[in-house]
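Participant: here is my input, please return the structure:
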Amino acid sequence: MASFFRKRPIRYPLILFLLLSGVATYLLLSTNTLIGLLFALMVIGVFIYAWMIEQRVYEETEKHIETLSYRMKKVGEEALLEMPIGILLINDQYIIEWANPYMTQQLPFDTIIGEELLSISKDFQQLKKQEESKEMVISLDEKNYKVFYKAEEKLLYFFDITEQIEMESLYYGDRTVIGVLFIDNYDEISQGIDDQTRGRLNSLVTSSVNDWGAKYGIYVKRISSDRFLAVFNESILVEVEKSKFSILDDIRETTAKFGFSLTLSVGVGAGSTSLVELGELAQSSLDLVLGRGGDQVAIKHSSGKVKFYGGKTNPVEKRTRVRARVISHALRDLIQDSDQVFVMGHRMPDMDAIGSAVGVRKMVGMNKVEGYVVLDTNELDNSVVRLMDEIKEQPELYNRFISPEEAISKITDKTLLVVVDTHKPSLVIDEKLLQKAEKVVVIDHHRRGEEFISNTMLVYMEPYASSTSELVTELIEYQPKNEKLSMLEATSMLAGIIVDTKSFTLRTGARTFEAASYLRTHGADTILVQRMLKEDIDTYIERSKIVQTVEFFREGIAIAHGMEDISYSQVLLAQTADILLTMNNIGASFVIGRRSESTIGISARSLGDVNVQVIMEKLNGGGHLTNAACQLEDTTIDEAIILLKNAIIDTIEGGNEE
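Facilitator: Below is the predicted model of the structure:
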């Protein structure tokens, strides 16, 4: 009996029933023997019957549990061995110790036991530094798998998502894309020709665009004299990108054969199911392209990503004196409505940043408003230091220079902040001052990048100008004549033009010489400029050492670099890039050097055949087609060279993505 109860759980309800029945039987026997015996027999019968019923239920339940356990075990084995889910078990050295049959069938190995995990896919490299479970997507033998990694058990589950990715690809490929095509200089050219020639020009452009649309299956409609609307999908966009938007070259070359110099700017909106948002993205992309000088394509995705194509030619000068006068008058009104004006350039200011800031400060004085130039004296190169030494000799002008901290303490809601020679908030001398300013104006000559100062009251960006100093000089001409430019102010601005044009050899137009002539008329001293731009022997020797490291990466592209343990000024790197550009068989030069313990600087120069701006934008820099730069954080010279080469390859062989 004891052994029976050890095998089975105790039946407490039956035992309680038996005890109570025993007490009742005893009481009945003590009063009436016959009734007590009959009751006892009945109790025993009920007990035996209940025990048998309970025994049968127990045995059936136990049998059901055994059957269910067997079936669950069998299902588990089938799931492990037969279901289309891959399972790998690895050890601490990432060697495969076990794989289920499904996984074995998916891999081109006779046996994968004992193989290293990386031999299956290099994507597993990231697991070696992963201490927690994670999820990833990898490709194996033309199939795609979602992989779940259990770090504690060293277990990997593979789920085939090939069809899912194919469906996603079809879905995304079929999403609508909207493009706006704009003929950059149509109005200027069409105004000077007769009706017959204008009709032939319109026909030429329309047929070129329609032929391009028909080639790729794009719906194209001319919606105005200088604008086309294009509707297509993302799969077509991929094909058009492979051709690097050949329509740009087609329009330029076709019209050139007939004596016209038309160029095309294209803004594309993609990545959204909303037609309204696509239209806004396309227009925003077009604005971005026109701000960069035109003759290129910008593709803006709803996620914020932007790709650029084209931009291989120097922008044609389109600004007019009418626009300069309008901007000058608008700026005058803003100055007069302010209690004070701060002028701020970019970090590590060059001659153009300082010269244009001095010029804007002069405009403020002409309007009888207090004006100050914000300058961090701890970040100045030698030429700017020499200029500041000259300015110190004139206390009235020198007192107009203040530190960023002093500017922040003095700024009010009515203060106007003018940012010169940059349009990127990350490059200004003090971003806190920019964030605190309620009224902001931007004056710049660089091609517009995706990063841009927001909530500006006035923007004067002309990528066709040689320098910001040139733009400011033109604006000064339309200001009140209450004060005249001093010799040092005019010299500062002329130095900015000379530095940015490399002594009037690059990016120099007729307006550049007009601005220089205006400054010279007001006493600009060219001898003083040359004295400020002089360099010492040590600098010359350092530059020569960098030139000795030059290597040719592609035809006409030279890359040179400084020593890993030496810090160089940005001016030295830029001057070295300029010198390389003067040598035979070099159309583009890149000079890499350490700027500080954690920063690497790259200066890029070009004669125009290579767009160094878009290459530097790949590395979060910017500039002009022929003059650009960037800074890289927490890297080495060798790593910077690799990143630069990859950026050059991406730009030459594909789109320029930001």
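Participant: let me see the contact set for V177.
Facilitator: Going by C-beta atoms under 8 Å, 6 or more residues apart in numbering, V177 touches V231, F232, N233, E234, I236, L237, V268, G269, A270, L278. From N, CA and C alone the C-beta is placed, and that goes for glycine too.
Participant: could those residues go into JSON lines alongside pLDDT?
Facilitator: Output for the contacts of V177, formatted as JSON lines (pLDDT from 0 to 100):
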{"residue": "V231", "pLDDT": "96"}
{"residue": "F232", "pLDDT": "95"}
{"residue": "N233", "pLDDT": "93"}
{"residue": "E234", "pLDDT": "92"}
{"residue": "I236", "pLDDT": "93"}
{"residue": "L237", "pLDDT": "93"}
{"residue": "V268", "pLDDT": "95"}
{"residue": "G269", "pLDDT": "94"}
{"residue": "A270", "pLDDT": "93"}
{"residue": "L278", "pLDDT": "94"}
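Participant: now that we have those residues, which one has the most neighbours?
Facilitator: V268 (29 neighbours; other C-beta atoms under 10 Å).
Participant: who's that residue bridged to?
Facilitator: For V268, the beta-bridge partners are G179, I299 (DSSP bridges).
Participant: would D250 count as being in a helix?
Facilitator: Yes: membership of D250 in a helix is supported by DSSP: H, G, I helix; E, B strand; the rest coil.
Participant: now the phi/psi pair for Y460, please.
Facilitator: phi -120, psi 90 (degrees, to the nearest 10).
Participant: please tell me I have it right and it contacts H423.
Facilitator: No: applying C-beta atoms under 8 Å, one finds Y460 not in contact with H423, separated by 10.2 Å.
Participant: need the overlap of contacts for the two.
Facilitator: With C-beta under 8 Å, 6+ apart, Y460 and H423 have common neighbours V442, D444.
Participant: residue ranges with poor pLDDT in the stretch 401-550 of the chain?
Facilitator: Residues of the stretch 401-550 of the chain meeting the criterion pLDDT under 70: none.
Participant: all the helices of it, residue numbers only.
Facilitator: 404-410, 431-436, 468-476, 487-500, 510-521, 526-532, 537-547 (DSSP state H, counting those that start in this stretch).
Participant: mark out where each domain of this structure begins and ends.
Facilitator: Listed domain ranges for the chain are 2-80, 85-165, 182-310, 326-532, 537-657 (source: automatic domain parsing).
Participant: out of the contacts of V177, which comes closest to A256?
Facilitator: V268 (24.6 Å; C-beta to C-beta).
Participant: contacts only, for that closest one.
Facilitator: V177, I178, G179, V180, L237, L281, A282, S285, V297, A298, I299, K300.
Participant: ok, L433 next?
Facilitator: Per C-beta under 8 Å, 6+ apart, neighbours of L433: F342, M344, V374, P404, A407, I408, I411, L417.
Participant: skipping adjacent residues, who's closest to the second one in space?
Facilitator: Across the structure, with C-beta to C-beta, 6 or more residues apart in numbering as the measure, the residue nearest M344 apart from its sequence neighbours is V374 (4.2 Å).
Participant: how many neighbours does the one you found have?
Facilitator: 25.
Participant: Y172 now?
Facilitator: With other C-beta under 10 Å as criterion, Y172 counts 13.
Participant: that one is in contact with L237, isn't it?
Facilitator: No: Y172 is beyond contact range of L237, at 10.5 Å (criterion: C-beta under 8 Å).
Participant: quick check: next helix or strand after the helix or strand R361 falls within?
Facilitator: In this structure, R361 sits in helix 351-366 according to DSSP states H and E. Sequence-wise, the next helix or strand downstream of helix 351-366 (DSSP H and E) is strand 370-374.
Participant: dig out what V428 forms beta bridges with.
Facilitator: H346.
Participant: hang on, the earlier thing: tell me the spacing between the residue nearest to M344 and V360.
Facilitator: 11 Å (C-beta to C-beta, to the nearest Å).
Participant: and for the two, which residues touch both?
Facilitator: V343.
Participant: ok, residues contacting stretch 217-229?
Facilitator: By C-beta under 8 Å, 6+ apart, stretch 217-229 touches 178-183, 186-187, 190, 202, 206, 209-210, 212-213, 230-232, 236, 240.
Participant: mind doing that once more with 10 Å?
Facilitator: The contact list for stretch 217-229 (C-beta atoms under 10 Å, 6 or more residues apart in numbering) reads 177-187, 190, 198, 202, 205-206, 209-214, 230-233, 235-237, 239-240, 247, 262, 264, 266, 279, 282, 286.
Participant: cool, and stretch 162-169?
Facilitator: Here stretch 162-169 has contacts from V137, S139, L140, E142, K143, N144, Y145, K146, I161, E234, S235, using C-beta under 10 Å, 6+ apart.
Participant: what's the spacing between that stretch and its chain's center?
Facilitator: Its chain's average C-alpha position is 27 Å from that of stretch 162-169, according to C-alpha atoms, centre = their mean, to the nearest Å.
Participant: same check, this time on stretch 86-96
Facilitator: 37 Å.
Participant: which parts of that stretch are buried?
Facilitator: G86, I87, L88, I90, I96 (16 or more other C-beta atoms under 10 Å).
Participant: and what of stretch 518-538?
Facilitator: Buried-residue list, stretch 518-538, by 16+ other C-beta under 10 Å: Y518, L519, H522, A524, D525, L528, V529, M532, L533.
Participant: number of residues surrounding S409?
Facilitator: Neighbour number of S409 under other C-beta under 10 Å is 9.
Participant: residues in contact with it?
Facilitator: By C-beta under 10 Å, 6+ apart, the neighbours of S409 are I402, S403.
Participant: helix/strand/coil for S303?
Facilitator: coil.
Participant: how near is the nearest residue to it once chain neighbours are set aside to D174?
Facilitator: The shortest distance from S303 to any non-neighbouring residue, by C-beta to C-beta, 6+ apart, is to G271 (6.0 Å). Remark: distance between G271 and D174 (C-beta to C-beta) = 13 Å.
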